[in-house]
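Colleague: Next input, structure requested:
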Amino acid sequence: MGRPPKPEEKPTLNYYGLKELGYGGFPHTGDYLRDQLTIESMCFRIGLRTDEGGLGKFGHYKAIVDLLWNHEEVGSHVRFIWNTWASRMTLKCCEFEEISIAGAASAGKSSPMALWAVVNYITDPTHTLVLVMSTTLAGAKKRIWKNVIEFWEGIPNLPGRLLKSTNEIKGKTYDGVGFGDSSGIYLLASEQSSEKSAMEKLIGIKAPRTGNSGATYEEMIASGEYDDLFDKFDEEHLRDLLPRLQNLSDDRIGTIILIVDEATGCSPSILNVINSNMKPGNSGHLQVIMISNPANRWDTFGMFSTPDEGWDSVTMADDEWTTTTGGICIRFDGEKNPRIVEGNERLSWMLRQKDIDAMEKTYGRNSSYFNRMCKAWFSETGSDEGVYNQSDFISTGAMDSVMWGFKLPVMLSSLDPSFSAGGDRASCTFFKLGLDITGKKTLERIEEISLPVDTEDVHTPISYQLVRKWKAECVKRGVTPENACFDSTGGGITFADVVKVVWSPRVLAISSAGKASKTPVGLEKHPNGEKILCSERYSNRATEIWFGAHPLLRSGQIKGVTVDLGKQICARQHDKSSGRDARVLKIENKRIFKSRVGNSPDESDSFFLGIELAKIRHGLKPVHALADEDDNGTAASGSTDREAWKHLCARARRISGRKRLE
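Modeller: Numbering: from 1, shown residues only. Below is the predicted model:
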């Protein structure tokens, strides 16, 4: 900690009223910095408010940082530069249990949160467990974990054991002698290869605990320990104060702090673990902090940051909002950073105006890249490289359910036997197809199930197992062979033959291999008035099938899309191979998608197969295409207005029939 001040220089210790609370009698070392640090740590742990004589939780936190890393007597080679953004981040961490920090590029997010991890641990080293998570270990070692190690090594003899090889700082055991795993600071990765291990460490984890903690207010009053406070505070104040004072004793529950860096790229399964496993067992003793450059509203960070009143309730003018789980999301717009607004050139890591201008010129002000890296905004459209984006599903009502008309819809089913085409599992999707209340032909996705197979059954080939299970599920839901289809691409002739034998030759086989068809692309036309064909617009049949839903989405004829399905669809990108005509569209190969995302797009492939089935077997077309056929003199029996009028007349005849009237 450095040399003690000379007697004539020795300042007076500031107890902030702790003595009046009965917590001023700790052993003195004679080293002012050590003793004052002990006081500040106690005040920080209980969040000593100004009306109690303290500085508030943030005020004491700042004092700790300045005593350790910014005090000349300590001699730390690491300094922490306070600025308005770092202060705001830390202040919110002092006030909330769940904090989402959405920042522009180079906003300085990782350093304050790394310091938050270190300070929380060293102020209570036996009862604080900090878990730092990032997409990859390699990435974390260049960002937040690198900052953790720098702050740790900047101060000698901190109460913990740093093990660089295993990316952990083991915490002090309750006896204050050894080191263990119940407290400390640990780095985890949520990348695909490490996800299972990381999630297992989070499931069932409990905050460090000693004694018979969790006493009620009445039990604490009855103990007599706090009798001297009765004449200083009223009961309302004591009910808040006593549980905080209990946090200084040896009879208490500690704290778990989970900090997720680069949360946009982290596995969404972490949200399930937090809500289903960590919160129930650590209520009031768990803090979750996620930091990232926001990408879209459906990834892990976007879901964690969702406004409690929905995304329509916030705009780019909002720099913070309450989230659905009662936490807070705070935004840091790059155009408003302190380096630009305050002219503070000490903040050399932050964006300059010329950096922002160059970004805008290169990518465009309305691009998702500019939104993410400069404005720190959760884009509604997601990636510029995606085949679909979020607005394709949100703004078109595709995530809504259907109010059907008077005729019952028919059931459809599609199967993507992905095990034979580079996928992860066999995905089966069920749909309803019919006329909605307005008479518009609509396809609603009802459910998706995975069809498991028994690999130990050496007597029944997997293809036979799969078709039998699929047939059984379809029969259960009333799907006839004519209303079922499967992807015959990977399985080839063999799988198609199995479907014919086990179920029926009337089941539709759809191949996504080969060239695109010569059917028209919606209403698109050449300058000479001829319609543009799919073979002219799409590089192959697979791309045609995937893009084929766009016109139906725009006309509001696709319903029942879930968030998980929408996320998977939006993750599929355009092919980036060079030398292609930019006017000809092509989706990325399934294997490339799998290597990039970590799983195969099986559910979305099955979804688009079902749409193709509805188009081929039931003539599903976007309503504007039907209207166009009407205009050209080719009657469109499915025209929205005509069908609506037909059903209205039929209903009127039914309810006004002479025999039905009393």
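Colleague: the helices in the stretch 151-300 of the chain, which residues?
Modeller: Applying DSSP state H, counting those that start in this stretch to the stretch 151-300 of the chain gives helices spanning 195-202, 217-222, 235-246, 269-273, 279-281, 300-304.
Colleague: Pipe those helices into CSV and attach mean neighbour count, distance to Phe547 and mean pLDDT per row.
Modeller: In short, each C-beta sits where N, CA and C put it, glycine included. CSV is the format used below for these (neighbours: other Cβ atoms under 10 Å; distance: least, Cβ to Cβ, whole Å; pLDDT from 0 to 100):
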stretch, mean neighbour count, distance to Phe547, mean pLDDT
helix 195-202, 15, 31, 82
helix 217-222, 14, 63, 85
helix 235-246, 16, 59, 88
helix 269-273, 18, 30, 88
helix 279-281, 13, 41, 89
helix 300-304, 24, 25, 92
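Colleague: And those: which comes nearest Glu95?
Modeller: Closest approach to Glu95 among those is made by helix 235-246 (14.4 Å; Cβ to Cβ).
Colleague: Which other helices and strands does that closest one contact?
Modeller: Judged by 3 or more Cβ pairs under 8 Å, 6 or more residues apart in numbering; DSSP states H and E, helix 235-246 is in contact with helix 217-222.
Colleague: Please name whichever of the helices of the stretch 151-300 of the chain is nearest to Leu609.
Modeller: Among those, helix 269-273 comes nearest to Leu609, with 26.6 Å by Cβ to Cβ.
Colleague: which residues are in contact with the closest one?
Modeller: Met133, Ser190, Glu195, Met199, Leu202, Ile203, Val260, Thr300, Met303, Phe304 (Cβ atoms under 8 Å, 6 or more residues apart in numbering).
Colleague: Compute the distance between the third one and Phe486, please.
Modeller: When distances are taken as Cβ to Cβ, to the nearest Å, Glu195 and Phe486 turn out to be 31 Å apart.
Colleague: check contacts around the residue sitting nearest the centre point of the chain.
Modeller: Taking Cα atoms, centre = their mean, the centroid of the chain lies closest to Thr300, which sits 1.0 Å from it. Neighbouring residues of Thr300 by Cβ under 8 Å, 6+ apart: Val260, Ala263, Thr264, Gly265, Cys266, Ser267, Pro268, Ile270, Leu271, Met290.
Colleague: And the fourth one, how far from Leu13?
Modeller: So that's Gly265. Distance from Gly265 to Leu13, by Cβ to Cβ: 46 Å.
Colleague: where does the stretch 1-150 of the chain have low pLDDT?
Modeller: 1-10, 24 (pLDDT under 70).
Colleague: do the same with the stretch 351-500 of the chain
Modeller: For the stretch 351-500 of the chain, the ranges with pLDDT under 70 are 381-386, 419-424, 490-493.
Colleague: Could I get the full set of strands for it?
Modeller: Counting by DSSP state E, counting those that start in this stretch, the stretch 351-500 of the chain has strands at residues 410-417, 426-435, 441-450, 484-487.
Colleague: closest to Pro156 out of these?
Modeller: strand 441-450 (55.1 Å).
Colleague: Can you list the strands that the closest one pairs with?
Modeller: Using DSSP bridges, the strands paired with strand 441-450 in its sheet are strand 426-435 (antiparallel), strand 558-559 (parallel).
Colleague: which of the ones you listed is buried the deepest?
Modeller: strand 558-559 (a mean of 25; mean count of other Cβ atoms under 10 Å).
Colleague: From the contact counts, what lies against the very next helix or strand once past that one?
Modeller: Later in the chain than strand 558-559, the nearest helix or strand by DSSP states H and E is helix 563-571. Contact here means 3+ Cβ pairs under 8 Å, 6+ apart; on that basis helix 563-571 packs against helix 602-618.
Colleague: Same question for the helix it packs on: list its buried residues.
Modeller: Neighbour counts over helix 602-618 (16 or more other Cβ atoms under 10 Å) mark 602-615, 617-618 as buried.
Colleague: repeat for stretch 138-153
Modeller: By neighbour count with 16+ other Cβ under 10 Å, stretch 138-153 contains the buried residues Gly139, Ala140, Lys141, Arg143, Ile144, Trp145, Asn147, Val148, Ile149, Glu150, Phe151, Trp152.
Colleague: Any chance of the contacts of helix 269-273 in JSON lines with distance to Gly397 as columns?
Modeller: JSON lines is the format used below for those (distance: Cβ to Cβ, whole Å):
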{"residue": "Met133", "distance to Gly397": "36"}
{"residue": "Ser190", "distance to Gly397": "33"}
{"residue": "Glu195", "distance to Gly397": "34"}
{"residue": "Met199", "distance to Gly397": "34"}
{"residue": "Leu202", "distance to Gly397": "36"}
{"residue": "Ile203", "distance to Gly397": "37"}
{"residue": "Val260", "distance to Gly397": "32"}
{"residue": "Thr300", "distance to Gly397": "25"}
{"residue": "Met303", "distance to Gly397": "21"}
{"residue": "Phe304", "distance to Gly397": "25"}
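Colleague: and of those residues, the nearest to His60?
Modeller: Nearest to His60 among the contacts of helix 269-273: Val260, at 25.6 Å, using Cβ to Cβ.
Colleague: And the closest residue to Pro520 other than its chain neighbours, what's its pLDDT?
Modeller: Leaving out its chain neighbours, the residue that sits closest to Pro520 by Cβ to Cβ, 6 or more residues apart in numbering is Lys531, at 4.0 Å. pLDDT for Lys531: 87.
Colleague: Contacts only, for Lys531.
Modeller: Counting by Cβ under 8 Å, 6+ apart, Lys531 makes contact with Pro520, Val521, Leu523, Glu524, Lys525.
Colleague: shouldn't Leu565 be in contact with Asp602?
Modeller: No: at 10.9 Å, Leu565 does not count as touching Asp602 under the criterion of Cβ atoms under 8 Å.
Colleague: More neighbours: Gly265 and Leu13, which one.
Modeller: Neighbour totals were compared for Gly265 and Leu13, and Gly265 leads with 17 against 13 (other Cβ atoms under 10 Å).
Colleague: Spatially, what comes nearest to that one if we skip its sequence neighbours?
Modeller: Thr135 (4.0 Å).
Colleague: Gly566 now?
Modeller: Gly566 sits nearest to Phe393 (Cβ to Cβ, 6+ apart), 4.8 Å away.
Colleague: Ile46 now?
Modeller: Arg244 (4.0 Å).
Colleague: From Tyr15, how far off is that neighbour?
Modeller: Note on Arg244: its distance to Tyr15, by Cβ to Cβ, is 16 Å.
Colleague: Likewise for Ser269?
Modeller: Counting by Cβ to Cβ, the gap from Ser269 to Tyr15 is 47 Å.
Colleague: thinking again about what came up before, can you give me the distance of the residue nearest to Ile46 to Arg49?
Modeller: Counting by Cβ to Cβ - Arg244 and Arg49 are separated by 10 Å.
Colleague: Ser505: neighbour count?
Modeller: Rather than Ser, residue 505 is Pro. Using other Cβ under 10 Å: Pro505 sits among 11 other residues.
Colleague: make that Ser87, sorry
Modeller: Residue neighbour count, defined by other Cβ under 10 Å, stands at 14 for Ser87.
Colleague: for Glu544, same thing?
Modeller: When neighbours are counted by other Cβ under 10 Å, Glu544 registers 23.
Colleague: Look up which helix or strand it falls in, please.
Modeller: Per DSSP H and E: helix 541-547 holds Glu544.
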